[in-house]
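Asks: Using only what follows, build the 3D model:
(one chain, ligands or ions: 1)
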Amino acid sequence: MAIHEPERVWWKPLSKDERIWVAVALVWMLITFIYMPVYHFIGAQNPPAETYAVKPDQFDKLVEAMVAKHKIGEEKGVPIVQAFPDEPVFIRAKMWEWYPIVQLEKGKTYRLHISSMDVDHGFSIQPVNMNFMVLPKYDYVLTLTPTQSGEFHVICNEFCGLGHHAMVGKMYVK
Ligand SMILES: [Cu+2]
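Replies: Now for the predicted structure:
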């Protein structure tokens, strides 16, 4: 059995059914295309866009100063820090660790400053699935008001090397 060339019919006019489907697909594509920018304004899904330049060693000092001041415990060698709404809260990403563990209170608004010491990381709060980028030399400010209490995990969702899969942090909301 030889391999046959397909029958050459593609240039023939489309049937009515096919034209209807092409029209339906086109209209739906246009609706979703227009909805994208509309959702930007009505979706309330946009991360804040407040960012500052910071050097990794400067940021590291701010993290350590906060830990020294507000440490309330320790878990597997990682300090637990009580966060306060009127003070900046610092979270440091580093291959392959989130530092420290912060403890927040439900209903209060915090300003989380997130930065990386080395490469790009992804700050992903689970199981609520809120995702933000963490970049070296950028202090990314996240204004956050927890609406539920419990224990949350922070996973890295930006591949950052060998230990990426083990880069799991924590966050408590009382
Ligand atoms: Cu990672």
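
Asks: burial count for residue 95?
Replies: If you count neighbours by other CB atoms under 10 Å, residue 95 ends up with 16. Heads up, the C-betas are built off the backbone N, CA and C, glycines and all.

Asks: and residue 37, backbone torsions?
Replies: phi -70, psi -30 (degrees, to the nearest 10).

Asks: Contact partners for it?
Replies: By CB atoms under 8 Å, 6 or more residues apart in numbering, the contact set of residue 37 is empty.

Asks: Next: residue 171.
Replies: Counting by CB under 8 Å, 6+ apart, residue 171 has contacts 101-104, 125, 151-154.

Asks: Contacts only, for the closest residue in space to it that isn't next to it in sequence.
Replies: In this structure, residue 171 finds its nearest non-sequential neighbour in residue 152, 4.4 Å apart by CB to CB, 6 or more residues apart in numbering. Residues near residue 152 by CB under 8 Å, 6+ apart: 125-128, 170-173.

Asks: Just checking: what are the partner strands of the helix or strand hosting residue 152?
Replies: Using DSSP states H and E, residue 152 falls within strand 150-156. Partners of strand 150-156 in the sheet, by DSSP bridges, are strand 121-126 (antiparallel), strand 168-173 (antiparallel).

Asks: Many thanks, I have nothing further to ask.
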